[in-house]
Every structure is written in structure tokens, then in C-alpha cells.
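Student: With the input below, show me the fold.
(one chain, ligands or ions: 2)
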Amino acid sequence: MSTHIGANKGDIAEKVLLPGDPLRAKYIAENFLMDAHRYNEIRNCYGYTGLYRGEKVSVQATGMGIPSISIYVNELIQEYNVQTLIRVGTAGGLGPDIKVRDIVLGQASSTDSSIVTNTFGPGINFAPIADYRLLSQAAELAEKDGIRWHVGNVLGEDRFYNDEMDRQKLIDYGVLATEMETPALYLLAAKFHRRALSILTVSNHLITGEETTAEERQTSFNDMINLALQVN
Ligand SMILES: O=P(O)(O)O[C@H]1O[C@H](CO)[C@@H](O)[C@H]1O
Ligand SMILES: O=c1cc[nH]c(=O)[nH]1
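Tutor: Residues are numbered from 1 along each chain as shown. Ligands and ions are numbered 1, 2, ... in the order given. The predicted structure is shown next:
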């Protein structure tokens, strides 16, 4: 086991879905995977492994924010040799074309976090990006399934409550949505030469104020989960 994941070597699949919410991990395991068993309960950050269309796949909750997901991604890669990491998260919509329940594929992640500067120093503003194969497959599948989807830049921010954020400037520069984990996921994937993608469902809109209910946040993201399970 690693410090935060109570699994034995081999308990975790090469491909892992990463929701922030442990109850979303449970929902995915119970509704999308065959023969799922829970390998992690440490801090109630549940992790499960099961079968999807005969292939072994895991789902590991990451908690909220860059420090929390960084712990899980580091341990999944370094202790359990995970190769493909797909975040299945919620996001706040920014642009006028983005509607609640739309899917946003994070092509790249801007951030106000110091994680990139702490990694590269002040001279380089490294751009954390998605794996192109996962990204293009997800876009093709979403289109085929008739899902409302968007691809582009997302903001991975340090604060959920962020009165200082200049939302209009982000919209002007084409940022589609805001969430709190993707820069760390993409940065660590680059560091360890792994493949990563963030698939996000818009749970609320930061300009119009439109919201989904807590129950919808937990359970009504089936399109996103199906996409994440199908890409490889
Ligand atoms: O729904 P999850 O995956 O937790 O993602 C989003 O929701 C949380 C904030 O409510 C942050 O973790 C943010 O990134
Ligand atoms: O980080 C997040 C996630 C969902 N909705 C938001 O507004 N922000």
C-alpha cells in the first residue's frame, strides 16, 4: 500500500478514472463496472477496480483541489504504475456557448496555482496539456453520441470561492470552464510520461448562475463517465 491508497500492487488497473467526489467513485463502480471491489477506504477517498467490457479499470476519488489530486496521481503512477488517468469532474461554465450539463474536454489547463512555477521556476510558463489521442477519441465519441461538447482551455484554480477572478477576461481569451484539479493532472502526466485527460460536466454557470442539484452532481453524469470508460 502507499501512504494514501490501501491497495496491494496489482489491485489497480492501468487505466483509472478520477472523480473528485468519493460518492461519484462509488456510483461509477456500482453502475458501470462488473465485479467491482473497493480497494481503498483511507480517508473515505474510495477506490474501486472492476471490469468494463471485459477490461480491468479502476476508479479512484481524488478529493478537491490541486494538493489533493497531486497526492493520488503521484501514488497511482509511482506506486501502482498507472498509465492512463482520466478525470471525470464537474466544472463551472464561463462562456456564453457553455450550458449546464454540457461536456467540456480540457485540451489544456491554465492556472492561478503556483504548481507550474514551483516546478519550472519563474522563467517558463509550462502549458499543461491533455493527451491528444484520448482527447480526439473523446471528441469523436461525444459527437457520435449526440452529446453537447466543447474542447479547449479550462482554468484549474486554487479557490472555489474566488471573488478576485476576472471572469470576463478569461471568457475573452476563450477559457471555457473552471475547476480545481486539471493542471496538476496534466503536469504530473507530463512529468511521468503518462496519458491524461479531463472530461468535465458543467454543473453550474458562473455568469448566468444556472445550477444543477447536489443529487444531479452525484449521479447524472453518465455521458461523461461513458466517454471516460470508452477512450483508451
Ligand atoms: O466534481 P469534482 O470532480 O470534485 O470537481 C470540481 O468540484 C469541486 C468543487 O466543488 C472541485 O474539486 C472541482 O474541481
Ligand atoms: O471548481 C468548480 C467546480 C464546479 N463549479 C465551479 O464553479 N467551480
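
Student: Quick check: residues of this structure near ligand 1?
Tutor: 19-21, 64, 89-90, 160, 179-181 (Cβ under 6 Å from any ligand atom). C-beta here means a position set from N, CA and C on the backbone, and glycine is covered the same way.

Student: please redo it, this time with the cut-off set to 8 Å
Tutor: Neighbours of ligand 1 within the chain, by Cβ under 8 Å from any ligand atom: 18-21, 24, 62-65, 87-91, 156, 160, 179-182, 200, 203, 217.

Student: helix or strand right after whatever helix or strand residue 38 lives in?
Tutor: Using DSSP states H and E, the element containing residue 38 is strand 34-40. Using DSSP H and E, the helix or strand that follows strand 34-40 towards the C-terminus is strand 47-52.

Student: tell me how far that next one is from the chain's mean position?
Tutor: In terms of Cα atoms, centre = their mean, to the nearest Å, the centre of strand 47-52 is found 17 Å from the chain centre.

Student: Over to stretch 222-232?
Tutor: 12 Å.

Student: can you check stretch 28-45 too?
Tutor: The answer for stretch 28-45 is 17 Å, by Cα atoms, centre = their mean.

Student: what comes up buried for it?
Tutor: Under the neighbour-count criterion of 16 or more other Cβ atoms under 10 Å, stretch 28-45 has 28-29, 32-33, 36, 39-40, 45 buried.

Student: Format the residues you listed as a markdown table; extra columns: pLDDT.
Tutor: Listed next are the buried residues of stretch 28-45 as a markdown table, based on pLDDT from 0 to 100:
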| residue | pLDDT |
| --- | --- |
| 28 | 96 |
| 29 | 98 |
| 32 | 97 |
| 33 | 98 |
| 36 | 98 |
| 39 | 98 |
| 40 | 97 |
| 45 | 98 |
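
Student: Which pair in the residues you listed has the greatest spatial separation?
Tutor: Spatial extent of those (Cβ to Cβ) is set by the pair 32 and 45 at 18.8 Å.

Student: Next one: the residue nearest to residue 47 when sequence neighbours are not counted from residue 9, what distance?
Tutor: Spatial nearest neighbour of residue 47, excluding adjacent residues (Cβ to Cβ, 6 or more residues apart in numbering): residue 40 at 3.4 Å. Distance of residue 40 to residue 9, computed by Cβ to Cβ, to the nearest Å: 14 Å.
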